[in-house]
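Visitor: I would like the atomic coordinates for the input below:
(chains A and B)
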Amino acid sequence: MDNITQERLNQLRGAAGAKRHNARTVAALTGNPGCVRRAVLDAAGVDKDKLARRVGFPAKFGQSQFAITRGNSFEAQVKANAFAELITLLRDTLGLQIGEVGQTDLEQVGGNTSQEIRHTRSRQKLTGAMTNGESTFFDHPLLTLDVGGNTVYLEPDLVAFHHEGVFHVVEIKSFAVIDDQADGAKVAAAAIQSAVYVLALRRLLGDDKVSHEVVLVCPKDFSNKPVATKIDVRKQLIVLEHQLTRLARIETLVDALPPGLSLDLDNSADDLFKALSEIEARYAPDCIAKCEMAFFCRNEARGCTAALGISVREELGGVETVAEALGLADGTLVASDDQAEAASMLRATADIYASAAAA
Amino acid sequence: MLVVTSVAEELERRIDELRAAVRKAVTAGERERANALRAELRKTERQWEDALDELAEPPVTTVPRQAGPLLPLREQVHQALTLLGAPAAPKLIIAVHEAFHVGEMVPARLTSLRRDEERSFRSAPHARPYYLCSALSADLLAPARGLLAVSTWAMTTRVIGPLSPRVDFLTSAIRLSEYLSRIPEPGPAARRLLWRFAANIPGAAANTDAMTPAAVAEAADAELQIHQDTDRSHREAAAKRAREQLDDVEQLFGSRLRSISATGS
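Guide: Residues are numbered from 1 along each chain as shown, chains lettered A, B, ... in the order given. Here you go, the predicted structure:
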């Protein structure tokens, strides 16, 4: 990122300190790639939660304290007694040999938990593993990833090193796998989060050293017994890499913004509202689960066809608003050339609906 | 202790004053006043005797024994660790205690235990027969996260190399199996504890009902043979370094400063 863009982003953020990315926010980048607003706000490190509150659309958002506690206690259970349960699971899923039980604790360095020191040591130990093979399990290594010019620290639950010279990311999640089925949305979120770790690890060790298969460890059925599943994250990796290169091109997005635009949290709510409207958003219903600004954008997108979801947006290409769509359907509006296809479909749908409603 | 001493000293001063006052009263012929002062003197002398008794006996033994645990916490932890024969996390120590002894062990008190022991060692080194101390990580000789050990163990047992956690897990499984086979009827809590080990040792037991301590020990020993030699060489090298480089306190409770400079290399 060049200095001018950095300057613009700092100006946009105002006096407040920059908010750092974590694995969750990096993963969220892939959720709605077309949204300029999210891309710009994230690159500038704006505190979206505070901003949404200032403009009157607080996000009912974030992880519940109960979920965090449950997650931590399940992780502690799986890792208890020298990773006893994990060793059993990974001997099955990854085919670890019986001698591969070495462990390195990277959560602190001799009582020191500063990020720089932990990262340095994680790097030493992980790169060293390929030559000396002392350790198989790396507990909470601290990795870095360059996201739009900012260094982001990432902390996977565990990295396992296999005798064939391949590293695997192991992600421990506390949602249950019931009858071999888990909540699809949660698995997808875990997969993309793990993909972020794989990417960070690949940047450190090289692409061929880190497997695209991550191991997801979850509680089985209604018990606390852990079960491990391999997940292929190749698709997520492609999406992520695309997103990150796009973030690196943030210059173009910032250049398109009007000069002097500021989202300083000390500005009045009205000013912030106006400034936000200058940055184009691309609201989709699943933003609600992923982005702090979602309620603001939803309000703004009211009456637009795009707010009805990605499939509707694709079907109704060229038709911007719901009113327009209704007009095309009942024939009160004449379709322009690029709307012709959508318009004929809308009219057909209206006919079918009318005949069904009449019957 | 300090408070009691100062009380006794205070009383001694008071006794001296009273004696002087009695002598003055007698020589001055003030009989009534002398009697009153003598009574006061006797009372103070009795208080002084009491204060002396308190000094002679350590406060621990004067606490009346109740229905709760008979041993102080550090003794209980020491017992559990001795049974396991290897450094262990507080959670496992509590599980062992609850499997074989009555009374509850409060996790919150275990967390402050190590710090109390370190303070005690610093103020009066080697005054106690044993201390509950840290296990040391083999590379940095810093306290290994969340592991307690006993100071009387050999340094090689107290340092933790890459393979040591698994080796200690298997060692503890063997010790626990042996202990279980010695007691006539192990309770369900004890069997449950052993199952937590057996479930994660290949070939130890198919299920809880079929589990026998002898089979668990045998399976654990089979895996232990694979790791043992490599682990021992790691541990011996680290223990040698620890004995050469660390002072008495650091040998028990780990080095913290050294760890920071070590990461720069």
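Visitor: residues near residue A:318, how many?
Guide: The number of residues packed near residue A:318 is 15, by other CB atoms under 10 Å in any protein chain shown. From N, CA and C alone the C-beta is placed, and that goes for glycine too.
Visitor: that's a strand at it, yeah?
Guide: No: counting by DSSP: H, G, I helix; E, B strand; the rest coil, one finds residue A:318 to be coil, located in no strand.
Visitor: now it: how far from residue A:338?
Guide: Going from residue A:318 to residue A:338 by CB to CB, to the nearest Å gives 5 Å.
Visitor: tell me which parts of chain B are close to chain A?
Guide: Counting by CB under 8 Å from any CB of the partner chain, chain B comes close to chain A at B:89, B:91-92, B:137, B:140, B:142-145, B:162-163, B:165-166, B:168-169, B:196-197, B:199-200, B:202, B:223, B:226-227, B:254-256, B:258-260, B:262-263.
Visitor: what ranges do the strands span in the stretch 1-150 of chain B?
Guide: Taking DSSP state E, counting those that start in this stretch as the test, the strands found in the stretch 1-150 of chain B are B:132-137, B:143-150.
Visitor: which ones are touching residue 126?
Guide: You didn't pick a chain, so chain A it is. Contacts of residue A:126 were listed using CB atoms under 8 Å, 6 or more residues apart in numbering or on different chains, and they are A:138, A:141, A:159, A:167, A:201, A:204-205.
Visitor: wait, chain B
Guide: residue B:248.
Visitor: can you give me the end-to-end span of stretch A:299-315?
Guide: With CA to CA, to the nearest Å as the measure, stretch A:299-315 spans 22 Å from end to end.
Visitor: quick one: buried residues of it?
Guide: A:300-301, A:304-308, A:312-313, A:315 (16 or more other CB atoms under 10 Å in any protein chain shown).
Visitor: what pLDDT, on average, does that stretch get?
Guide: Stretch A:299-315 comes out with an average pLDDT of 85.
Visitor: do stretch B:182-200 as well
Guide: Here the average pLDDT along stretch B:182-200 is 91.
Visitor: what's that stretch in contact with?
Guide: By CB under 8 Å, 6+ apart, the residues outside stretch B:182-200 that reach it are A:81, A:84-85, A:87-88, B:95-96, B:98-100, B:169, B:172-173, B:176-177, B:180, B:204-205, B:208, B:211, B:213, B:216, B:219-220.
Visitor: select only the buried ones of the contacts of residue A:126 in ChimeraX?
Guide: Buried subset of the contacts of residue A:126, written as a ChimeraX selection, criterion 16+ other CB under 10 Å:
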select /A:138,141,159,167,201,204,205
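Visitor: using TSV, lay out the contacts of residue A:126 together with pLDDT.
Guide: Converted to TSV, those look like this (pLDDT from 0 to 100):
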residue	pLDDT
A:138	94
A:141	94
A:159	90
A:167	94
A:201	94
A:204	93
A:205	92
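Visitor: dump the contacts of residue A:126 into JSON lines; add distance to chain B as well.
Guide: Output for the contacts of residue A:126, formatted as JSON lines (distance: CB to the nearest CB, whole Å):
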{"residue": "A:138", "distance to chain B": "10"}
{"residue": "A:141", "distance to chain B": "14"}
{"residue": "A:159", "distance to chain B": "14"}
{"residue": "A:167", "distance to chain B": "16"}
{"residue": "A:201", "distance to chain B": "19"}
{"residue": "A:204", "distance to chain B": "17"}
{"residue": "A:205", "distance to chain B": "19"}
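Visitor: out of the contacts of residue A:126, which comes closest to residue A:107?
Guide: Checking the contacts of residue A:126 against residue A:107 by CB to CB gives residue A:141 as the nearest, at 8.9 Å.
Visitor: and that closest one, how far from residue B:49?
Guide: Note on residue A:141: its distance to residue B:49, by CB to CB, is 66 Å.
Visitor: average model confidence for stretch B:234-254?
Guide: 92.
Visitor: for residue A:281, see how far away residue A:287 is.
Guide: 9 Å.
Visitor: between the two, what contacts are shared?
Guide: A:35, A:293, A:297.
Visitor: ok, back up a step: buried among the contacts of stretch B:182-200? Need that as a selection in ChimeraX.
Guide: Buried residues among those (16+ other CB under 10 Å), as a ChimeraX selection:
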select /A:81,84,85,87,88 /B:95,96,98,99,100,169,172,173,176,177,180,204,205,211,213,216,219,220
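Visitor: out of the contacts of stretch B:182-200, which are inside helices?
Guide: With helices defined by DSSP state H, the entries of the contacts of stretch B:182-200 inside them are A:81, A:84-85, A:87-88, B:95-96, B:98-100, B:169, B:172-173, B:176-177, B:180, B:213, B:216, B:219-220.
Visitor: filter the shared contacts of residue A:287 and residue A:281 down to the buried ones.
Guide: By 16+ other CB under 10 Å, those give A:35, A:293, A:297 as buried.
Visitor: can you lay out these as JSON lines showing distance to chain B and secondary structure?
Guide: Output for these, formatted as JSON lines (distance: CB to the nearest CB, whole Å; DSSP: H, G, I helix; E, B strand; the rest coil):
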{"residue": "A:35", "distance to chain B": "40", "secondary structure": "coil"}
{"residue": "A:293", "distance to chain B": "39", "secondary structure": "coil"}
{"residue": "A:297", "distance to chain B": "43", "secondary structure": "helix"}
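Visitor: relative to residue B:8, which of those residues is nearest.
Guide: Of all those, residue A:293 has the smallest distance to residue B:8: 72.6 Å, by CB to CB.
Visitor: for that closest one, what are phi and psi?
Guide: Backbone geometry at residue A:293, expressed as degrees, to the nearest 10, gives phi -80, psi 0.
Visitor: how about residue A:138, secondary structure?
Guide: Under three-state DSSP, residue A:138 comes out as strand.
Visitor: isn't it up against residue A:121?
Guide: No: between residue A:138 and residue A:121 there is no contact under CB atoms under 8 Å: 10.4 Å.
Visitor: what sits in contact with each of the two?
Guide: Shared contacts of residue A:138 and residue A:121 (CB under 8 Å, 6+ apart): residue A:106.
Visitor: dump the residue contacts of residue B:202.
Guide: Applying CB under 8 Å, 6+ apart, we find residue B:202 in contact with A:88, A:91, A:98, B:219, B:223.
Visitor: next one: residue A:291
Guide: Residue A:291 neighbours (CB under 8 Å, 6+ apart): A:28, A:31-32, A:35, A:38, A:48, A:59, A:297.
Visitor: below-threshold pLDDT in the chain: ranges please.
Guide: I went with chain A, as the question did not name one. Applying pLDDT under 70 to chain A flags the ranges A:1, A:61-62, A:149, A:248.
Visitor: ah, I was thinking of chain B
Guide: B:1-5, B:56-69, B:257-265.
Visitor: now the element after the helix or strand hosting residue B:229, going C-ward?
Guide: Taking DSSP states H and E as the definition, residue B:229 sits inside helix B:213-245. Note on helix B:213-245: by DSSP H and E, the next helix or strand toward the C-terminus is helix B:248-253.
Visitor: how many other residues sit next to the nearest residue to residue B:232 once chain neighbours are set aside?
Guide: If the residues on either side of it in the chain are set aside, residue B:232 comes closest to residue B:156, at 7.4 Å by CB to CB, 6 or more residues apart in numbering or on different chains. Residues contacting residue B:156 under the criterion other CB under 10 Å number 18.
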